[in-house]
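Q: Sequence below, structure please.
(2 chains)
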Amino acid sequence: MPFKLLVVACLLYVAFLFAVAFIVERRAQAGRLGWLRSPLVYTLSLSIYSTAWTFYGAVGYAARSGLEFLTIYFGPTLVFVGWWWLLRKLVRIGRQYRVTSIADLISSRFGKSNTLGVIVTIIAVVATTPYIALQLQSVVLSFGVFASATPDGQAPLDAGQTAIWVAVGLAFFTILFGTRNLDAREQHHGIVTAIAVEAVVKLVALLAVGIFVVWGIAGGVGDVIARIDAADLSAWQVQPGRWAGLIFLSAAAVITLPRMFQVMVVENDDEGQLARASWAFPLYLMLMSLFIVPIAVVGLDQLPAGSNPDMFVLTLPLAEGQGGLAMLAFLGGFSSATSMVIVEAIALATMISNHVVIPLWLRLRPAAAADDLRSVVLMARRVAIAAVLALGYGYYQVSGGSAALAAIGLIAFLGVAQVLPALLGGLFWRGATRTGAILGLVTGFVVWAFTSFLPSFGPGAALSDAVFTQGLFGLAWLRPQALFGTDTMDPMIHALFWSMTLNVIAFCLGSLLTFPGPVERLQGAAFVNVFEGTVGPERWSKGQVDPEALLTMAQRILGEEAALSLFQTAARDQGKDSFLPDPTPAFLNQLEAQLSGTVGAATAHAMISQLVGRATVTVEDLMAVASESAQIMEYSAKLEAREAELTRTAGALREANEKLMQLSIQKDAFLSQISHELRTPMTSIRAFSEILTEGDLPPEMVVKYGRIIHEEAKRLTRLLDDLLDLSVLENGTVQLSLGLASLQQMLDTALIAARQTRPERSFIIHRDLPSEAIYLKTDADRLTQVFINLISNARKYCDASQPELRIAVRQRAGRVTVDFIDNGKGIPKDSQSLVFEKFARLTDANRAGGAGLGLAICREIMTNLGGSVAYLPGQGGAAFRVTVPLRLEKLAA
Amino acid sequence: MSQHVLLIEDEPNIAEAIRFILTRDGWTVSHVTDGSAALDRVRSDRPDLVILDHMLPGMSGLEILAALRADPETKALPVMMLTARGRDREMAERAGADCFMSKPFSNAEILAEVRSMMGR
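A: Next up is the predicted model:
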């Protein structure tokens, strides 16, 4: 088969996956996922557990060590069959606390400690690097098989170059789909679906090869069984110690591998998916392993001695001249490798950005409130993905790409398994502490590196020959493969035994000898008792925090729209009609949960406590932890619900009352204001008309005073017009003339008209014309009047030395919002709800305009147009948002 | 020597009118628009009479009046208050205004008041 055809097939296949991911991402954004959230897709996505290692390597494993390869499937099967005990808890916690990665979970459980987040991140990166190298290697090997099978004068394939191309291609694909946007829950539906497709491809490929081997090459089932019997039986003996160790190892890995955690916990949409996967996923694994032994045995029989058994899946069909089948098998292996690398890289990038880059960034630039953290997060993830793949490629180059696939995979398994004690301890043992977790993790990691990871480079590479034979520092009991003189153990089991044992001992001793802090205690109880739901996580006390500062921070992380809508919803739930809710404990918790979905629990916690001060742990909270009495809890939960209800009502009442008080003061002020506003021009008119009637004035004075009288008369008229306008609008008796009008034109008109206000100031206007290309069905004159008013106000009151005004238009769900944002000081918080009241001129200093009725009229106009105008806090300057319906239908009279 | 009137009023047209009326009658009129600058001007100009608007930017007329009455030097300085609002008369008198004019006033009225306050 021409090698070029293979490359083309590869590219086409990637393009196809690309399309799948893209379409699903589109549907996810539109909220139309439907069957894509089914347990089937979830189960198939779990199959990234079987990587190229299991696709190609299992056959090699079987050819070398008999049935031992099954251990790699037994472990996950046990975990999934027993899902009720562990996985359900993991997924529940993951969803409830918006966990973004396994590092986030551990850090969150042990008092939101970022130190732990960093440690777990380092372990995960180091341990999975060989694993990624393994995938690159298998792809390179499989390319090599095809290249060598075509001796038609092509240049031999350069393995190093292929590996680079594969790594770069994967990085590109991962960045493109893994970091397109920041999801509040760190989910990637597009990629998950593409992976489900790949899962099907690899299963079909392996089954097809198996069926071909059994019925195409061998003479059916009977013949295969005869061949298995005839194979060298000495390799088929079960070594109980090694089996138990490997089953434990693969069980641990399926929980702690970053990519498994990503698809199993982070991408999970509901617990029902898990119940289905508990039998469907073991079934998938069983199907994957069904033909491994036949392929291995027939391969050993059929192919010349010395053929690499890791490649039997490809070489068997090729040797029989089945090019198409070989191609299918190749795509299966390619799928296994790519899906693993993509998800692993995303999971690691999330950890690196959330636990390393963002905390560093915040420490270095704590005050840079204006920068958009989202772009930093995205950039960090992109770089991290590239770095993870570069590390994998580096390991591939250093290790020479020669070691048997299975050995490398087990090293990676053991590395990530070091997280298991802290994870299980955290979920089931309330006494587990942060110190214990740190000690356990570090101990396990060091022992693993010394006994398994570093020796994997071979004697004399990472560790000198002397260390292998005489031990570290010449101490015989510190030999990497014979710790404490245990030199009769299998190296793998040796490393497993010592790293896990010392890890658990350090974890338990550390936990028993230290006391958890208050936050840790609450988090511990909340995680361990997640199903009882009696203990919430720690609570914020109502702090002296400016909600506007919270909003500014939330915008940095969640983006402007999402943050505003979160705040608005919360404010509405509190019964407030504005963008700023009170910083109640409930709201702060909600905000923290939302933020931790994007940047992880530790960072979210740190960011909020930066503004609010420390979260307080009250006596009641600790009592709740201590007392398990469900009755009391239930009763108190009911009370709490009622209390929340009352608080909400009280909040609404208080606000209404405040408003009424202010209104009554304003009503009082209204008459005397009107009196003042009318009498002022009348005074000038009366005085000058008296002067003019007295006569004997020079002509130029007559002209001058005549002009003053004229101006003041106009001012009076304008005031009366405004008052009449307002009263008509308020009574709802206004006649609207509805029609289609271009928003862009209205803004143009308004900008020109507003130029009369302080014409001496040059004003920079930022507009995005394409976004303004919207036709509205509305009363264009009235809407333009509102625009003129807002722009004039900006011209009048924006106190920046180089004033700028940004006009941003957005269209969503039948409504259009137009934001007017200037770069001045903005409006102080306590005045924000007052500016729309009549005569609410904030400063007396500026009399350039009318009587302070402008915004009151705007508000009434917008009400009549079925929309609204509101002050938008936290935008850096004064900002007003006008919301109008796209199509205003005539209201029933 | 003509007597000196300090006019504290932020509406330029009203100030112009009063200045014209008083100047024509032989008074020296100086004018300040900003409430916060008014007290300094009183101390530096040492006027014989102050005409004080009620609503001023920076510092209200009543605040200025209170400050004038608190200072021994200006305790007895004659002050006429102008207002455009109905209910301010009582407050102005309580604060120590010698005379009170509500807007709009007639030119003859204001001239007569000023004359009588200065004993002319």
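Q: check which helix or strand covers the residue most central in space within chain B.
A: What sits nearest the mean C-alpha location of chain B, by Cα atoms, centre = their mean, is B:Ile51, with 1.0 Å. B:Ile51 belongs to strand B:49-53 when assigned by DSSP states H and E.
Q: what's the angle from the helix or strand following that strand to strand B:49-53?
A: Next helix or strand after strand B:49-53 toward the C-terminus (DSSP H and E): helix B:61-70. In terms of direction (axes from the mean of the first three to the mean of the last three Cα atoms, to 10 degrees), helix B:61-70 departs from strand B:49-53 by 150 degrees.
Q: and for helix B:61-70, what are the contacting residues?
A: The contact list for helix B:61-70 (Cβ atoms under 8 Å, 6 or more residues apart in numbering or on different chains) reads B:8, B:35, B:38-39, B:42, B:50, B:52-56, B:74-75, B:77, B:79, B:81-83, B:91-92, B:95-97. The way it works is simple: take the backbone N, C-alpha and C, and place the C-beta from them, glycine included.
Q: rerun that using 7 Å as the cut-off
A: Here helix B:61-70 makes contact (Cβ atoms under 7 Å, 6 or more residues apart in numbering or on different chains) with B:8, B:35, B:38-39, B:42, B:52-55, B:74-75, B:77, B:79, B:81, B:91, B:95-97.
Q: Restricted to helices, list those.
A: Taking DSSP state H, the ones among those that sit in helices are B:Gly35, B:Ala38, B:Leu39, B:Val42, B:Met91.
Q: Now the element after the helix or strand containing A:Ser335, going C-ward?
A: Assigned by DSSP H and E, A:Ser335 belongs to helix A:323-351. Proceeding N to C from helix A:323-351, the next assigned helix or strand is helix A:358-364, under DSSP H and E.
Q: Restricting the selection to alpha carbons, write that next one to PDB.
A: Taking Å, rounded to 0.1, in the frame of the first residue of the first chain, the C-alpha atoms of helix A:358-364 are listed here in PDB:
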ATOM      1  CA  ILE A 358      -2.600  32.000  37.700                       C
ATOM      2  CA  PRO A 359      -1.500  32.100  41.300                       C
ATOM      3  CA  LEU A 360       1.900  33.300  40.200                       C
ATOM      4  CA  TRP A 361       0.300  35.900  37.900                       C
ATOM      5  CA  LEU A 362      -2.000  37.100  40.700                       C
ATOM      6  CA  ARG A 363       1.000  37.400  43.100                       C
ATOM      7  CA  LEU A 364       3.000  39.300  40.600                       C
END
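Q: counting contacts, what elements does the following helix or strand past it pack onto?
A: The helix or strand immediately downstream of helix A:358-364 is helix A:373-399, counting by DSSP H and E. Other elements packing on helix A:373-399 under the criterion 3 or more Cβ pairs under 7 Å, 6 or more residues apart in numbering or on different chains; DSSP states H and E are helix A:114-148, helix A:159-178, helix A:323-351, helix A:358-364, helix A:547-558.
Q: could you redo the last one with a cut-off of 8 Å?
A: Judged by 3 or more Cβ pairs under 8 Å, 6 or more residues apart in numbering or on different chains; DSSP states H and E, helix A:373-399 is in contact with helix A:114-148, helix A:159-178, helix A:323-351, helix A:358-364, helix A:547-558, helix A:585-599.
Q: Show me what the host helix or strand of A:Leu660 packs onto, helices and strands only.
A: Using DSSP H and E, A:Leu660 sits in helix A:630-694. Helices and strands touching helix A:630-694, as assessed by 3+ Cβ pairs under 8 Å, 6+ apart, comprise helix A:699-731, helix B:12-24, helix B:107-117.
Q: 10 Å instead?
A: Packing contacts for helix A:630-694, counted by 3 or more Cβ pairs under 10 Å, 6 or more residues apart in numbering or on different chains; DSSP states H and E, involve helix A:560-573, helix A:585-599, helix A:619-626, helix A:699-731, helix B:12-24, strand B:79-83, strand B:99-102, helix B:107-117.
Q: Between these, which one is closest to A:Ala205.
A: In terms of Cβ to Cβ, the element of those nearest to A:Ala205 is helix A:585-599, at 36.5 Å.
Q: filter the ones in helices among the contacts of helix B:61-70 by proximity to chain A?
A: B:Gly35 (Cβ under 10 Å from any Cβ of the partner chain).
Q: filter the ones in helices among the contacts of helix B:61-70 to the buried ones?
A: B:Gly35, B:Ala38, B:Leu39, B:Val42, B:Met91 (16 or more other Cβ atoms under 10 Å in any protein chain shown).
Q: pLDDT score assigned to the first one?
A: This means B:Gly35. In this model, B:Gly35 is scored at 80, pLDDT.
Q: hmm, back to that, any idea of the angle the helix holding A:Ser335 forms with helix A:114-148?
A: Using the same axes, to 10 degrees: helix A:323-351 against helix A:114-148 is 160 degrees.
Q: now for the helix-or-strand element of chain B with minimal mean pLDDT, which elements pack on it?
A: Least confident element among the helices and strands of chain B, by mean pLDDT, DSSP states H and E: helix B:88-94 (a mean of 77). Contacts defined by 3+ Cβ pairs under 10 Å, 6+ apart place helix B:88-94 against helix B:61-70, strand B:79-83, strand B:99-102.
Q: So which bits of the first one are buried?
A: Neighbour counts using 16+ other Cβ under 10 Å place B:Gly61, B:Leu62, B:Glu63, B:Ile64, B:Leu65, B:Leu68, B:Arg69 of helix B:61-70 among the buried residues.
Q: Fine by me, we can end here.
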